[in-house]
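Visitor: dropping the sequence and predicted coords here.
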Amino acid sequence: MKHWEHHPEPVEDCFGCKVLGLQVNEVSLRTNGLPTAKQHDRELQSYYDATRQGIEPRSTKSKDIDAAVKLSNDAGKAFDGISMTFKE
């Protein structure tokens, strides 16, 4: 706590005082809101598996991939997430 040697009371515009009062939870430190490499690889593999079957999910996110695969399986036709129609 060497910072307090400069001024023992918190100063409003002091960056050091702001940093000392910062509280961060463990999850945000590890991922910063971004998917881990393992999650990212799993999503990409699911996306590639779907596109090999002729399905075009709206994005590479798991929720979009799963929705496109479910729609395709239910309809018996490949789903095109870009045009939001089934392929013939």
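Guide: Cool, the structure landed.

Visitor: quick one, strands of the protein?
Guide: Secondary structure of the chain by DSSP state E: the strands cover 79-80, 85-86.

Visitor: just say which of these is most tucked in.
Guide: Looking across those with neighbours counted as mean count of other CB atoms under 10 Å, the highest average goes to strand 79-80: a mean of 21. Yep, even glycine has a C-beta here, placed from its N, CA and C like the rest.

Visitor: and the longest helix along the chain, what's buried?
Guide: Criterion DSSP state H: the longest helix present in the chain is helix 37-52. Residues of helix 37-52 classed as buried by neighbour count (16 or more other CB atoms under 10 Å): 43, 46-47, 50.

Visitor: ok so, going back, want to throw the strands of the chain into TSV with distance to residue 38 and mean pLDDT?
Guide: Listed next are these as TSV, based on distance: least, CB to CB, whole Å; pLDDT from 0 to 100:
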stretch	distance to residue 38	mean pLDDT
strand 79-80	27	93
strand 85-86	32	90
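
Visitor: out of the ones you listed, which is closest to residue 73?
Guide: Among the strands of the chain, the nearest to residue 73 by CB to CB is strand 79-80 (9.3 Å).

Visitor: what does the closest one contact?
Guide: By CB atoms under 8 Å, 6 or more residues apart in numbering, the list of residues contacting strand 79-80 from outside reads 55-57, 68-69, 71-72, 85-87.

Visitor: mind picking the two most distant members of these?
Guide: 69 and 85 (15.8 Å).

Visitor: just the terminal-to-terminal distance for stretch 76-88.
Guide: 10 Å (CA to CA, to the nearest Å).

Visitor: coming back round to it: out of the contacts of strand 79-80, which is nearest to residue 20?
Guide: Distances from residue 20 to the contacts of strand 79-80, taken by CB to CB, are shortest for residue 57, at 45.6 Å.

Visitor: lowest confidence element among the helices and strands of this protein?
Guide: None of the helices or strands of the chain scores lower by mean pLDDT, DSSP states H and E than helix 26-31, at a mean of 56.
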